[in-house]
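**Student:** Kindly generate the corresponding structure for this input.
(chains A and B)
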Protein chains: 2
Amino acid sequence: MLGVATSLPLTKVGAMPDAGALDRLTDLVGADMEACNRAIIARMDSPVALIPQLAAHIVAAGGKRLRPLLTLAAARLCGYPEGEPRHVQLAACVEFIHTATLLHDDVVDESLRRRGLASANAVFGNKASVLVGDFLFARAFQLMVEDGSLRVLEILSRAAATIAEGEVLQLATQNDLSTTEAQYLAVVRGKTAALFSAACQVGAVVVGRPQAQEAALDLFGDRLGVAFQLVDDALDYAGEGAAMGKTVGDDFREGKATLPVLLAYERGDGIERAFWDRTVAESEQRDGDLDHAVGLMRRHGSIAATLDRARSFVAEAKQALAAFPDSPLRRALADVADFTVSRVS
Amino acid sequence: MLGVATSLPLTKVGAMPDAGALDRLTDLVGADMEACNRAIIARMDSPVALIPQLAAHIVAAGGKRLRPLLTLAAARLCGYPEGEPRHVQLAACVEFIHTATLLHDDVVDESLRRRGLASANAVFGNKASVLVGDFLFARAFQLMVEDGSLRVLEILSRAAATIAEGEVLQLATQNDLSTTEAQYLAVVRGKTAALFSAACQVGAVVVGRPQAQEAALDLFGDRLGVAFQLVDDALDYAGEGAAMGKTVGDDFREGKATLPVLLAYERGDGIERAFWDRTVAESEQRDGDLDHAVGLMRRHGSIAATLDRARSFVAEAKQALAAFPDSPLRRALADVADFTVSRVS
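**Tutor:** Model prediction:
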């Protein structure tokens, strides 16, 4: 998102913050983030050279680092003392889990681009991506075990299982226009929100905060994660390819049953439904189909409706932060939640 | 191996035990194994229907269960009391890690057969196999976390990382005839022996045995695992397809740098090396090449030499068991080690 922040032409709406929200949050935990980046580089090493080579391609090549940032910020929001290292190690662990799922996602989606660069599977092949993903996942667990908190292990191992469930459910609903909004949200909760909420929650756990604050951060992460994915799914039909670092229309080509499609299908007439049946259900796509799809979505307001839902989730995320006293960090987290939606406003 | 045991025509050599060794070991921990099978079925469940469907295809369809058997037997050998459940849960966890790697292996190797049946990727597709593998891996960690021993978590998370390293190293040495025997053994240690030794070691850990006995079981598992893989690699050129439940020549077609190939290459003349260069290094294979490859291996004794090495590892495995007093269970474990090699004698 940092990359996007500097390149996306943002239209500011009302009191929406600008893209600097992420930079400000990063600044507030700057030393932690640097330590986290060092930990990531150090711990993705292996005597098997292909592992750090491939991992560097995806891990070290930048990326948003949003999830580890959430762990670091959550820990500091809970008053984690300076000089302690646990939140940094766990932030690196969260990034490894995320990176492992990205590697496997790109194989599953046959993606050729990631963050504006060739994807790891395009450069190193599917086989290496699957296996290095497995390594990073195992390494993430080693980092957690070193941390030694069974509560953290419980939260992150549950998140890992939930992520996989979300990904499998997404695969099972691919090309299925009868997917319900509830099923779609289950996919989103699994594939994206589970790690956002776990990332936030472990920040509270390392500080040993009361259950109410831990639950508040869990909730903040969940709602932020759902909003983030909803916006991502809208951007896939409304974004600027170069700025997003991914190809617009990926979801359409893959026949993913995302909310913009499901709403357009639900609101469409017979002729429109036949179009969606052919292009999404039967994966029979021709030149111009993507533009036509976007046109139908705009006509029925299905992209706007997706963003509206995202805004409600952002509101709930910000509300969850009320469990904490006002502070620059709390304001920065709220601004990041706003930014999640403002990037396409 | 249970399946193989009843169908492979065995030639008994000297005091080699018959294939009943595995059955006898299984009988000695019969109730534990049944409980483990129940735990496997119960814990691979998920509200996402495709997960238990695919997992059942590979997990519940039988298979050797050799690794969980080792955990159960190791725990009992160390005197784990009746009525305690930890070893059963950890045995299920070991089987989940194994199953996850099988699912990913078959995708990476593009295998169409597994244990005599269509592989999961052939039936459900590569995507589902990758993602359900991820789920089973995450679920394995959830089981470990429920067990609550950081020592067990440390052993199994390190094993998981080592497995992935071994798999990546195997990929990196594919088609590479300059692979050294040391590199080959590093692959074998990673992809196979790491889980064998971890499976045995955690059996000692749940009982809280002295370090010497834990180390002895670790060593037993390592040597057994290396022997097991060496024999597997020999069988790929010498086995009976139907009885093995896999296709003879898979490794050859995939250009895997296994010991039978490396030794035949090392011992071959210029014409023979040109043959290996074309078929393995350049993956340019024609009808009759596999038979010719097997002929060259037999001429240079490279399959026999691979089995000889396997026998040394079996001897070391059995020696490690000296840390325990004689018992039916210790004898059954030694017999299983012998059986590992006798299946191709």
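**Student:** for the nearest residue in space to residue A:103 that is not next to it in sequence, what are its contacts?
**Tutor:** Leaving aside its chain neighbours, residue A:103 sits nearest to residue A:133 (3.7 Å; criterion: CB to CB, 6 or more residues apart in numbering or on different chains). For every residue, glycine as well, the C-beta is placed using N, CA and C. Contact analysis of residue A:133 by CB atoms under 8 Å, 6 or more residues apart in numbering or on different chains lists A:99-101, A:103-104, A:107.
**Student:** OK, contacts around the closest residue to residue A:190 other than its chain neighbours?
**Tutor:** Nearest non-adjacent residue to residue A:190, counting by CB to CB, 6+ apart: residue A:166, 1.7 Å away. By CB under 8 Å, 6+ apart, the residues touching residue A:166 are A:186-192, A:194.
**Student:** Pull out the buried members of the residues you listed.
**Tutor:** Among those, those scoring as buried are A:186-192, A:194 (criterion: 16 or more other CB atoms under 10 Å in any protein chain shown).
**Student:** Which of those fall in helices?
**Tutor:** Counted as lying in helices by DSSP state H, out of these, are A:186-188, A:194.
**Student:** right, and residue A:285 touches residue A:276 too?
**Tutor:** No. The criterion here is CB atoms under 8 Å, and residue A:285 misses it with residue A:276 at 11.2 Å.
**Student:** Between the two, tell me which one has more neighbours.
**Tutor:** residue A:276 (19 against 16; other CB atoms under 10 Å in any protein chain shown).
**Student:** doesn't residue A:267 make contact with that one?
**Tutor:** No. Residue A:276 is not in contact with residue A:267 according to CB under 8 Å; the separation is 10.8 Å.
**Student:** What mean pLDDT does the helix or strand residue A:260 falls within get?
**Tutor:** Element membership for residue A:260, per DSSP states H and E: helix A:259-267. The average pLDDT within helix A:259-267 is 98.
**Student:** now swap in stretch A:95-104 and tell me
**Tutor:** Taken as a whole, stretch A:95-104 carries a mean pLDDT of 95.
**Student:** and the residue positioned nearest the centre of chain A, what does it touch?
**Tutor:** For chain A, residue A:192 is the residue whose C-alpha lies nearest the centre (CA atoms, centre = their mean; 5.0 Å). Taking CB under 8 Å, 6+ apart, we find residue A:192 in contact with A:166, A:225-226, A:228-229, A:232.
**Student:** Just the ones in helices from the residues you listed, please.
**Tutor:** The helices, defined by DSSP H, take in A:166, A:225-226, A:228-229, A:232 from the contacts of residue A:192.
**Student:** Once you drop chain neighbours, what's closest to residue A:313?
**Tutor:** Residue A:313 sits nearest to residue A:227 (CB to CB, 6+ apart), 3.9 Å away.
**Student:** The one you found and residue A:308 touch, don't they?
**Tutor:** No. Applying CB under 8 Å, one finds residue A:227 not in contact with residue A:308, separated by 10.9 Å.
**Student:** Comparing these two, which shows the higher neighbour count?
**Tutor:** When neighbours are counted by other CB under 10 Å, residue A:227 and residue A:308 differ, and residue A:227 comes out ahead with 28 against 12.
**Student:** quick one: the closest residue to residue A:290 other than its chain neighbours from chain B, how far?
**Tutor:** Spatially, and ignoring its direct neighbours in sequence, residue A:290 is nearest to residue A:249 (4.5 Å; CB to CB, 6+ apart). Going from residue A:249 to chain B by CB to the nearest CB, to the nearest Å gives 20 Å.
**Student:** wait, what's in contact with the closest residue to residue A:224 other than its chain neighbours?
**Tutor:** Leaving aside its sequence neighbours, residue A:224 sits nearest to residue A:317 (CB to CB, 6+ apart; 4.5 Å). Shown in contact with residue A:317 (CB under 8 Å, 6+ apart): A:219-220, A:223-224, A:227, A:337.
**Student:** nearest to residue A:86, of these?
**Tutor:** Checking the contacts of residue A:317 against residue A:86 with CB to CB, the nearest one is residue A:220 at 20.1 Å.
**Student:** shouldn't residue A:129 be in contact with residue A:123?
**Tutor:** No. Using CB under 8 Å, residue A:129 makes no contact with residue A:123, being 9.1 Å away.
**Student:** residue ranges of the strands in chain A, please?
**Tutor:** Along chain A, counting by DSSP state E, strands occupy A:113-114, A:117-118.
**Student:** closest to chain B out of those strands?
**Tutor:** Nearest to chain B among the strands of chain A is strand A:113-114 (16.5 Å), distances taken as CB to the nearest CB.
**Student:** tell me the mean pLDDT over that closest one?
**Tutor:** pLDDT averaged over strand A:113-114 gives 74.
**Student:** near chain B, which residues of the stretch 1-150 of chain A show up?
**Tutor:** Residues of the stretch 1-150 of chain A lying close to chain B (CB under 8 Å from any CB of the partner chain) are A:46-51, A:100-101, A:104, A:107-108, A:126-128, A:130-132, A:134-135, A:137-139, A:141-142, A:144-145, A:148, A:150.
**Student:** In PyMOL, select just the buried ones from these.
**Tutor:** Of the residues of the stretch 1-150 of chain A next to chain B, the buried ones go into a single PyMOL selection, burial set by 16+ other CB under 10 Å:
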select buried, chain A and resi 46+48+50+51+100+101+104+107+108+126+127+128+130+131+132+134+135+137+138+139+141+142+144+145+150
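**Student:** from the residues of the stretch 1-150 of chain A next to chain B, which ones fall inside helices?
**Tutor:** Using DSSP H, these in helices are A:50-51, A:100-101, A:104, A:107-108, A:126-128, A:130-132, A:134-135, A:137-139, A:141-142, A:144-145, A:150.
**Student:** Low-confidence ranges, chain A, go.
**Tutor:** Chain A contains residues with pLDDT under 70 at A:1-19, A:60-62, A:239-247, A:344-345.
**Student:** what's around the spatially closest residue to residue A:258 that is not a sequence neighbour, how many residues?
**Tutor:** Leaving aside its sequence neighbours, residue A:258 sits nearest to residue A:233 (CB to CB, 6+ apart; 4.0 Å). Neighbours of residue A:233 under the rule other CB under 10 Å: 25.
**Student:** Residue A:286 now?
**Tutor:** Residue A:286: 9 neighbours (other CB under 10 Å).
**Student:** Over to the one 5 residues further on?
**Tutor:** For residue A:291, the neighbour count with other CB under 10 Å is 10.
**Student:** Please apply the same query to residue A:213.
**Tutor:** Neighbours of residue A:213 (other CB under 10 Å): 19.
**Student:** from what I can see it touches residue A:79, true?
**Tutor:** No. At 9.7 Å, residue A:213 does not count as touching residue A:79 under the criterion of CB under 8 Å.
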